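J.: Build the 3D model from these lines:
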Amino acid sequence: MTDENAATSGVEAAAAQGQAQAAETPEERVAGLERALAEARTLVEERGQAVAALTERAALATAKYRQAALAATPEVPPELVQGATVEEVDAAMARAKALVDEVRKRAVAHAAETPRTPAGAPARSAPDLSGLTAQEKIAHGLARRG
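T.: Next up, the predicted model:
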């Protein structure tokens, strides 16, 4: 019999005993009910501690799962993947992967649109004056002098 069933049975037994023994004094009945109440409170406290321990273990397992998922997909920034449960981590990972894919597609598209610029400075050469008139060439020469 489990602890919960035992406590429930204890409360029921105390109640049945109280009904069966009509000759029992009110003080005795109160004492029996107080014992049953104390047993129930102890059981509730034990269950609370068990729930707290399981909650802590679940949080640790979720954190380890998140770390493993991030290690498997290094292109996903860790800040994008948060969650208190495995399901929340999975959903956040799916959103993060979609975001990374979208950013990657946009970067590739932007790189394709942008003309390539050669690395380094262009070679230095004198300005091409062949298209200028004689008067413009003289003005250009005088402007350089002074």
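J.: now for the top helix by length along the chain, which elements pack on it?
T.: Assignment by DSSP state H gives helix 26-72 as the longest helix of the chain. Contact here means 3 or more C-beta pairs under 8 Å, 6 or more residues apart in numbering; DSSP states H and E; on that basis helix 26-72 packs against helix 3-20, helix 86-113. For the C-beta atoms, the positions are set from N, CA and C on the backbone; glycine is no exception.
J.: Going by neighbour count, list what's buried in stretch 38-46.
T.: Glu39, Leu43 (16 or more other C-beta atoms under 10 Å).
J.: Which helix or which strand is home to the residue at minimal distance from the centre of the chain?
T.: For the chain, the residue nearest the mean C-alpha position is Gln82 (0.5 Å; C-alpha atoms, centre = their mean). Following DSSP states H and E, there is no helix or strand that holds Gln82.
J.: Tell me, what's the model's pLDDT at it?
T.: Gln82 is assigned a predicted lDDT (pLDDT) of 93.
J.: Least confident of the helices and strands packed on helix 26-72, on average?
T.: Per-stretch mean pLDDT for these is lowest at helix 3-20 (a mean of 61).
J.: Give me the neighbour count for Thr85.
T.: Burial of Thr85 is recorded as 13 neighbouring residues (other C-beta atoms under 10 Å).
J.: Touching, it and Ala59? I think so.
T.: No: judged on C-beta atoms under 8 Å, Thr85 makes no contact with Ala59 at a distance of 9.2 Å.
J.: follow-up on the earlier one: okay, the angle between the longest helix of the chain and helix 86-113?
T.: 20 degrees (axes from the mean of the first three to the mean of the last three C-alpha atoms, to 10 degrees).
J.: what is the mean pLDDT for helix 26-72?
T.: The model assigns helix 26-72 a mean pLDDT of 95.
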